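Engineer: Only the shape, not the letters, is given here:
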């Protein structure tokens, strides 16, 4: 119970706020991809040329559920956990790490599929990949800072003695 | 208060996400207004039966029809030969055509999208083949090999072949694409010289533009767009099972009650 309460002693508001903002970007991207999949709209790429090829491939859905819907869910969960972490909920940080690790693994798999199976890239998928990679970096930095903070806290009494 | 703030933010974002998703879904829906689907088998003056039909190029040329001439169920497709989703729909439509035989009529209309640079010339190739009575054969060849001819490859075969996948995504030049279409014409044993001439003829171009004008007037902005007895088939319902269920419903007389949003104007004419 104690762990679920906000812990204001180690605020990482900026870091997790940034993670929440990136998650919002990913959420918007995923919602757009889900809607275009459901309406059957042919997505036009701006920078690359493989949107149609990627988004109409067998990898674009799991059964009847578009992959974008899973992405939207993942980003929403990441947003929620990042928000809670920003407000100092320590457990949220742990769960955020797990969720972002899962998203990173999925992103790497999808990048592999685009590069080596479909030989085509989709702008919106690359944007999502960039956001997930950024989220991963933020979470890694958060973990590193937390560890450093813990080490410093543990060493403090030794210095005094 | 601060304790509840993150949950309030999360709740607000959840509501905004769901709301914007639903709004976007509604905005991006293709026009769902029913259209008059029945195409007279014998050419006759067309009398528009709906407002949409009245606005939608009443003089649009008779479309290409496959299946039962007097079938009770008509699937009307607006397609683009350079559209991957259209190519992917081909086996599904072929399967329902095979399953329902004379009880189903499939209509194809051209809707070459402006962003597909070879879509118009492909439509013209299909029409040029149609002038020699081989529209559907060319239609099938174009869809089955769309990943090939768009890259200027003149062989035919499954588009999923790994060697094809490893090809560059750079589109072929129009001259190269034309050469591929000529090779298809040879494969179909058409009069090749006539085919080449017809591909550039005003008659063929007007035929394609007539279909496109009808699609534009109906507000169709994507392909494939399917209508089943005049009612839009949403993209997620284009699976084999869903199409079978919809066709069965129409054959059993349940389709209108289930899906027609405006039965007053959707009522299709009975086949003559």
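Structural biologist: Perfect, thanks for sending it. Just so it is clear, the model here is predicted, and its values are computed rather than measured.

Engineer: Secondary structure element holding residue 21?
Structural biologist: No chain was given, so I picked chain A. Assigned by DSSP states H and E, residue A:21 falls within helix A:13-39.

Engineer: was after chain B, sorry
Structural biologist: Taking DSSP H and E as the definition, residue B:21 sits inside helix B:5-28.

Engineer: In the stretch 51-200 of chain B, what residue spans correspond to strands?
Structural biologist: Using DSSP state E, counting those that start in this stretch, the strands of the stretch 51-200 of chain B run over B:64-67, B:73-79, B:104-110.

Engineer: The second one pairs with which strands, and in what direction?
Structural biologist: This points to strand B:73-79. Looking at strand B:73-79 with DSSP bridges, its partner strands are strand B:104-110 (parallel), strand B:225-228 (antiparallel).

Engineer: Kindly report the same for the first one.
Structural biologist: Sheet neighbours of strand B:64-67, with direction, are listed as strand B:104-110 (antiparallel) (DSSP bridges).

Engineer: The partner strand: how far from the chain's middle?
Structural biologist: 8 Å (C-alpha atoms, centre = their mean, to the nearest Å).

Engineer: Find the centremost residue of chain A, please.
Structural biologist: Chain A has residue A:132 as the residue nearest its centroid, 4.1 Å off, counting by C-alpha atoms, centre = their mean.

Engineer: That one touches residue A:100, doesn't it?
Structural biologist: Yes: taking contacts as C-beta atoms under 8 Å, residue A:132 lies within contact range of residue A:100: 7.4 Å. Just so you know, the C-beta spots here come from the backbone N, C-alpha and C atoms, and that holds for glycine as well.

Engineer: residues in chain A within reach of chain B, list them.
Structural biologist: By the rule C-beta under 8 Å from any C-beta of the partner chain, the part of chain A lying against chain B is A:6, A:24, A:27-28, A:31-32, A:34-42, A:44, A:49-50, A:52-53, A:56, A:64, A:72, A:76, A:79-80, A:83-84, A:86-87, A:89, A:117-120.

Engineer: Selecting buried members of those residues in ChimeraX, what would you type?
Structural biologist: When burial is assessed using 16 or more other C-beta atoms under 10 Å in any protein chain shown, the buried subset of these is captured in ChimeraX by this command:
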select /A:6,24,27,28,31,32,34,35,36,37,38,39,40,41,42,49,50,52,53,56,72,76,79,80,83,84,86,87,89,118,119,120
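
Engineer: Not counting residues beside it along the chain, what's closest to the residue of chain A found nearest chain B?
Structural biologist: For chain A, the residue closest to chain B is residue A:40, as judged by C-beta to the nearest C-beta, at 2.6 Å. In this structure, residue A:40 finds its nearest non-sequential neighbour in residue B:235, 2.6 Å apart by C-beta to C-beta, 6 or more residues apart in numbering or on different chains.

Engineer: Touching, that neighbour and residue A:39? I think so.
Structural biologist: Yes: between residue B:235 and residue A:39 there is a contact under C-beta under 8 Å: 5.7 Å.

Engineer: OK, contacts around the residue nearest to the centre of chain A?
Structural biologist: Contacts of residue A:132 were listed using C-beta atoms under 8 Å, 6 or more residues apart in numbering or on different chains, and they are A:26, A:100, A:103, A:104, A:107.

Engineer: Does stretch B:206-224 reach chain A?
Structural biologist: Yes: applying C-beta under 8 Å from any C-beta, one finds stretch B:206-224 touching chain A at B:222, B:223, B:224.

Engineer: What residues sit buried inside that stretch?
Structural biologist: B:207-212, B:214-215, B:217-218, B:220, B:222-224.

Engineer: Would you mind listing the two of those that lie farthest apart?
Structural biologist: B:207 and B:222 (21.6 Å; C-beta to C-beta).

Engineer: what ranges do the strands span in chain A?
Structural biologist: Here chain A has its strands, by DSSP state E, at A:61-62, A:65-66.

Engineer: who does the last one touch, helix- and strand-wise?
Structural biologist: Same thing as strand A:65-66. Counting contacts by 3 or more C-beta pairs under 8 Å, 6 or more residues apart in numbering or on different chains; DSSP states H and E, strand A:65-66 is packed against helix A:13-39.

Engineer: quick one, the helix it packs on and helix B:5-28 angle?
Structural biologist: Interaxial angle, helix A:13-39 versus helix B:5-28 (axes from the mean of the first three to the mean of the last three C-alpha atoms, to 10 degrees): 30 degrees.

Engineer: circling back to that earlier point, now do the buried residues in the helix holding residue B:21.
Structural biologist: B:6, B:9, B:10, B:13, B:17, B:21, B:24, B:28.

Engineer: and that helix, does that touch chain A?
Structural biologist: Yes: residues of helix B:5-28 are located near chain A by C-beta under 8 Å from any C-beta, namely B:5, B:6, B:9, B:10, B:13, B:14, B:17, B:20, B:21, B:24, B:25, B:28.

Engineer: Could you dump those residues into TSV and include pLDDT?
Structural biologist: Output for the residues of helix B:5-28 next to chain A, formatted as TSV (pLDDT from 0 to 100):
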residue	pLDDT
B:5	89
B:6	90
B:9	93
B:10	94
B:13	94
B:14	94
B:17	94
B:20	93
B:21	92
B:24	89
B:25	87
B:28	78
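
Engineer: now the strands of the stretch 51-200 of chain B as JSON lines including mean pLDDT and mean neighbour count?
Structural biologist: JSON lines is the format used below for those (pLDDT from 0 to 100; neighbours: other C-beta atoms under 10 Å in any protein chain shown):
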{"stretch": "strand B:64-67", "mean pLDDT": "90", "mean neighbour count": "18"}
{"stretch": "strand B:73-79", "mean pLDDT": "93", "mean neighbour count": "24"}
{"stretch": "strand B:104-110", "mean pLDDT": "94", "mean neighbour count": "23"}
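
Engineer: now these in CSV, with distance to residue B:194?
Structural biologist: Output for the strands of the stretch 51-200 of chain B, formatted as CSV (distance: least, C-beta to C-beta, whole Å):
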stretch, distance to residue B:194
strand B:64-67, 19
strand B:73-79, 25
strand B:104-110, 20
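
Engineer: Any idea which of these gets closest to residue B:185?
Structural biologist: Per C-beta to C-beta, nearest to residue B:185 of the strands of the stretch 51-200 of chain B: strand B:64-67, 17.1 Å.

Engineer: Looking at the stretch 101-250 of chain B, what residue ends up closest to chain A?
Structural biologist: residue B:235 (2.6 Å).

Engineer: No further queries at this time; thank you.
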